[in-house]
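[1] Would you be able to build a 3D model of this:
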Amino acid sequence: MQRSGVLAIGECMVEMAPAGDGHYAMGFAGDTFNTAWYLRRQMPATVPVRYLTAIGTDATSDRMVAFMADEGIDTTHVARLPGATVGLYMIHLDGAERSFSYWRSTSAARRLAEDANRMDEALGGADLAYLSGITLAILSPESRDRLIVSLIRAKAAGCRIAFDPNLRPALWSDAATMQADVSRAAAMADIVLPSFDEDSLHFGDEGPEATLHRYLSLGAGLVVVKDGPRPVWAATGDAQWRHDPAPATHLVDTTAAGDSFNAGFLAAHLTGAAPDVAMQRGAALARHVIGARGALVPN
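    Numbering: from 1, shown residues only. Down below sits the predicted model:
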């Protein structure tokens, strides 16, 4: 089977973002969807960007899937589940730093990995599959196992895997399960894209280089460690790179900073750029995104 493009896997939600004067603007976003959205803008138009998730059949789900299609994202692998709907989150800003309130316990996306055949079909056409720790966390243990097995099969058949641990302990049953399943996913990944502030807190890493080497020791091929405005580190088994991002001159909202970095990095990497160049492009895109409100910021 010929493989092409990127398949992002996860949950897209209704986003309520501050619009000033106590008002909120409605949009659609979610960590892996944000990366897919930015990838669509960073990759050549001839390279498909697809999204695998599950949504409902209500009016909000209709609006969501129409939005995806209008933004150029292939919705072939968006399952429609009768009687279900999508999750919602609200952004709270304290200066430029954000926190979130979520309403997602009955989200259809929690059932995105119930059909192994559907996942195998979607992964069979992708050159790169992209998922996150949030993708894993919202699933039942059985569905999580099913997704990981499908990804392992796809990798054996030639699909590359990119994984952002995106550690959100509130979504997991306990810290030990989060650490074990994130490590299991990282071990099969070709590219791992952690954030040092999260990994230092939940894995005890003393510095970004410790995060690099922990994921490399699990079996990851290339690890790229984000650290907010501080240096970005990347390494393979035999090389290491560092990029010092330019300071952000206009900081408004850090929502999707990591998601957009991942898109800029992956788009450059997939089109042949060396890791140091890909790091620069990821950092530049993230710097643009944090200069405006909300997760999805046009060029």
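[2] Give me the distance between Val289 and Ala59.
    Separation of Val289 from Ala59 (C-beta to C-beta, to the nearest Å) stands at 29 Å. For glycine as for every other residue, the C-beta is placed from the backbone atoms N, C-alpha and C.
[3] again but with Gln240, I slipped
    50 Å.
[4] now Ala239
    In terms of C-beta to C-beta, Ala239 sits 51 Å off from Ala59.
[5] what does Val224 give?
    39 Å.
[6] Wait, a strand at Met26?
    Yes. Per DSSP: H, G, I helix; E, B strand; the rest coil, Met26 lies within a strand segment.
[7] Pretty sure it sits against Val14.
    Yes. Using C-beta atoms under 8 Å, Met26 is in contact with Val14, at 6.4 Å.
[8] The two: which has the busier surroundings?
    Val14 (22 against 12; other C-beta atoms under 10 Å).
[9] close enough to count as contact, that one and Phe28?
    Yes. With contacts defined as C-beta under 8 Å, Val14 counts as touching Phe28 at a distance of 6.3 Å.
[10] hey, what's in contact with both of these two?
    Met64 (C-beta atoms under 8 Å, 6 or more residues apart in numbering).
[11] who are the neighbours in contact with Trp37?
    Contacts for Trp37 (C-beta under 8 Å, 6+ apart) come out as 29, 71, 73, 263, 296.
[12] Equivalent analysis for Arg80, please.
    54-57, 61, 65.
[13] Could you do Gly158 as well?
    If you count contacts by C-beta under 8 Å, 6+ apart, Gly158 has them with Arg3.
[14] host element of it?
    Using DSSP states H and E, no element contains Gly158; it sits outside every helix and strand.
[15] what does Glu15 give?
    Glu15 is part of strand 13-20, with elements assigned from DSSP H and E.
[16] Give the other helices and strands that that strand contacts.
    Judged by 3 or more C-beta pairs under 8 Å, 6 or more residues apart in numbering; DSSP states H and E, strand 13-20 is in contact with strand 23-29, strand 88-94.
[17] hmm, which of the contacts of Trp37 are the buried ones?
    Among the contacts of Trp37, those classed as buried by 16 or more other C-beta atoms under 10 Å are 29, 73, 263, 296.
[18] Phe261 - that's part of a helix, no?
    Yes. The assignment for Phe261 by three-state DSSP puts it in a helix.
[19] Surely it and Ala284 touch.
    No. Proximity of Phe261 to Ala284 does not meet the contact threshold set by C-beta under 8 Å, at 9.2 Å.
[20] These two: which has the busier surroundings?
    Ranked by neighbour count (other C-beta under 10 Å), Phe261 and Ala284 place Phe261 first, with 28 against 16.
[21] Let's see which of the contacts of Arg80 end up in strands.
    54-55 (DSSP state E).
[22] quick one: which of the contacts of Arg80 is most hemmed in?
    Ile55 (27 neighbours).
[23] Strands of the stretch 151-299 of the chain, residue ranges please.
    160-164, 191-192, 222-225, 232-235, 240-243 (DSSP state E, counting those that start in this stretch).
[24] any chance of those in a markdown table, plus mean pLDDT, mean neighbour count and distance to Arg111?
    Putting the strands of the stretch 151-299 of the chain into a markdown table (pLDDT from 0 to 100; neighbours: other C-beta atoms under 10 Å; distance: least, C-beta to C-beta, whole Å) gives the following:
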| stretch | mean pLDDT | mean neighbour count | distance to Arg111 |
| --- | --- | --- | --- |
| strand 160-164 | 98 | 25 | 21 |
| strand 191-192 | 98 | 26 | 26 |
| strand 222-225 | 98 | 25 | 31 |
| strand 232-235 | 98 | 24 | 35 |
| strand 240-243 | 97 | 16 | 39 |
